Structures are given as structure tokens and as C-alpha cells.
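In: here is my input; please provide its structure:
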Amino acid sequence: RGVHLRSASFSRGLHANSFIARALEANDPRVLLGPFRAAAGGYDACLSHAGMEVTAIGPEGVACSLVVSRALTNNYSTLHGGAIATIVDVVGTLAILGRDP
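Out: Residues are numbered from 1 along each chain as shown. Alright, predicted model coming up:
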């Protein structure tokens, strides 16, 4: 049942301080509650810099909050498409970890 992320080949490719590695090591997604911490130099660092917070995580889903700062906007002062894709990627991964750390 669910997606199991513990394969040796998958785990070897993780940064030790990535949010995925922290959830796997603790075997509890609740370690991810609070300010989102991206791995140093990771593509998702923009969410850390923007102050994204994980406010709930578990089998029923995940909830995050984020204030859209200028750094996340495009030339029209709306949320940049790349930022949207990063949010979908990260929050989707958090949802999976909430069901199966």
C-alpha cells in the first residue's frame, strides 16, 4: 500500500539535510512541521527563503502557508510559473511523505 521510498538506490542520491531524508530518517513526517528547510543549494530553496511553513502533515494530507514575495513573482507581479511548479512538486512530495514516510 502506498509508495515506499526506502530503496537503497533512492536513499543514496539524497542530500543528508533534504526534507525527504529527514522524514525517512525519523520515519515520521511530523519532523517536517514548521518552517520549510530545503537542502543547501537545492532548487526548492526559494520556498525556504520565502518563509513557507508546513502547518499540517499526515495521512489525510498536508497544509502549507506561504506569502508571495517579490522574489517569487514574474514581470506582471503575479506568482511566477516556475515558483508554482516548485510549490506543486514540494507540496506533492510532502503529501506522499505524510502517507508513507
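In: how about the contacts made by Ile57?
Out: 29-30, 32-33, 63, 94, 97-98 (CB atoms under 8 Å, 6 or more residues apart in numbering). The way it works is simple: take the backbone N, C-alpha and C, and place the C-beta from them, glycine included.
In: of those, keep whichever come out buried.
Out: The neighbour-count criterion (16 or more other CB atoms under 10 Å) marks 29, 32, 94, 97-98 among the contacts of Ile57 as buried.
In: now these as JSON lines including distance to Ala39 and secondary structure?
Out: Shown next, in JSON lines, are those (distance: CB to CB, whole Å; DSSP: H, G, I helix; E, B strand; the rest coil):
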{"residue": "Pro29", "distance to Ala39": "17", "secondary structure": "helix"}
{"residue": "Leu32", "distance to Ala39": "13", "secondary structure": "helix"}
{"residue": "Leu94", "distance to Ala39": "14", "secondary structure": "helix"}
{"residue": "Leu97", "distance to Ala39": "15", "secondary structure": "helix"}
{"residue": "Gly98", "distance to Ala39": "19", "secondary structure": "helix"}
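In: let me know the secondary structure of the residue of the chain most remote from its centre.
Out: When distances to the mean C-alpha position of the chain are computed (CA atoms, centre = their mean), the maximum falls on Tyr76, with 26.1 Å. What DSSP: H, G, I helix; E, B strand; the rest coil gives for Tyr76 is coil.
In: now it: how far from His49?
Out: 21 Å (CB to CB, to the nearest Å).
In: Phe19 reaches Gly34, doesn't it?
Out: No: applying CB atoms under 8 Å as the test, Phe19 and Gly34 come out as separate, 11.1 Å apart.
In: mind listing what's buried along the helix or strand containing Ala23?
Out: Following DSSP states H and E, one finds Ala23 within helix 19-26. For helix 19-26, burial by neighbour count (16+ other CB under 10 Å) applies to 19-20, 22-24.
In: all set now, cheers.
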